[in-house]
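1. sequence? don't have it. structure:
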């Protein structure tokens, strides 16, 4: 799967015209239509029908991958979420966001249900999974969760639910960041990233829930970048370009990477394995760092 710098989670309970406009204009790497928290239990069936209809509208999505956030396996809605959407639009779905994953067994359940439904209805599908890490138990068992299925594409940090599970007063911190002089989610981000990278997956950072605090979002996103996260969840269209800018290297970083690569090519041409440029040591590790910078710079804004 392509790099998921921005995953835009959309409230499907809003007016359909606004929903379509949001999908078409957001520019997110992944647009994820919600079947979970933003949809009232009495409206789940109606939301599935709407989502299937939107997934089939090929002119709507642009370059954005198509995703759906499922209800948790522990709810009575998950089975219908998977079977109805795979049956009606399985060939149009790139990814399911699995909420509140508690164990490898939850991942197996979704994986096998996708496969069985697709086989039953002769649907050609390529569905991957983004696994929401939302409880202390999931964080403890994260390595087994990360490797539970070949469909796994990413692990995601659910800031609200996981904070509640761990007893972190996230509401207080969101309103007053001076309460903690740093990032209270440093360990969580690092742990999710470690498990993801060990399993060859992407690590998706949690959203900044106060939608109009774009400057704070930018800083929070940069913290995620520095901890190795691949991208971040967005809750509004306005947040998407802020996240993209945070994950894009600065012009100075890009110029540095190009200069280092050019200099290191000269070092190799001279038959050496290492060198120095402006006092900075260069070796094959430097090459990898610079290539990673330029790869991030090439991602569309």
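-> Here it is on my side, so go on. These numbers were taken from a predicted model, which means no experiment stands behind them. Numbers count the residues shown, from 1 in each chain.
2. got the end-to-end distance for stretch 170-180?
-> Distance between the two ends of stretch 170-180: 11 Å, counting by C-alpha to C-alpha, to the nearest Å.
3. any idea how far residue 69 is from residue 11?
-> 11 Å (C-beta to C-beta, to the nearest Å). C-betas here are computed from N, CA, C, even on glycine.
4. Mutual contacts of those two, please.
-> Residues touching both residue 11 and residue 69 by C-beta atoms under 8 Å, 6 or more residues apart in numbering: residue 34.
5. So for these two, which sits in the more crowded spot?
-> Ranked by neighbour count (other C-beta atoms under 10 Å), residue 11 and residue 69 place residue 69 first, with 26 against 15.
6. tell me, what residue is most central in the protein?
-> Centroid check for the chain by C-alpha atoms, centre = their mean gives residue 204 as the closest residue, at 3.7 Å.
7. Please report the distance of it from residue 51.
-> According to C-beta to C-beta, residue 204 stands 20 Å off from residue 51.
8. circling back: in a strand, the residue nearest to the centre of the chain, correct?
-> Yes. Residue 204 forms part of a strand when assessed by DSSP: H, G, I helix; E, B strand; the rest coil.
9. Find the nearest non-adjacent residue to it, please.
-> Leaving aside its sequence neighbours, residue 204 sits nearest to residue 156 (C-beta to C-beta, 6 or more residues apart in numbering; 4.2 Å).
10. Enumerate every residue touching the one you found.
-> Contact analysis of residue 156 by C-beta under 8 Å, 6+ apart lists 7, 97, 130, 131, 132, 133, 192, 204, 206, 233.
11. TSV for the residues you listed, including pLDDT?
-> Listed next are the contacts of residue 156 as TSV, based on pLDDT from 0 to 100:
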residue	pLDDT
7	97
97	98
130	98
131	98
132	98
133	98
192	98
204	98
206	97
233	98
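12. out of those residues, which one sits closest to residue 117?
-> Of all the contacts of residue 156, the one with the least separation from residue 117 (C-beta to C-beta) is residue 97, at 17.6 Å.
13. After the host helix or strand of that closest one, which helix or strand is next? Please name it.
-> Taking DSSP states H and E as the criterion, residue 97 maps to strand 95-98. Using DSSP H and E, the helix or strand that follows strand 95-98 in sequence is helix 104-120.
14. buried sites along that following helix?
-> 104, 106, 107, 109, 110, 111, 113, 114, 117, 118 (16 or more other C-beta atoms under 10 Å).
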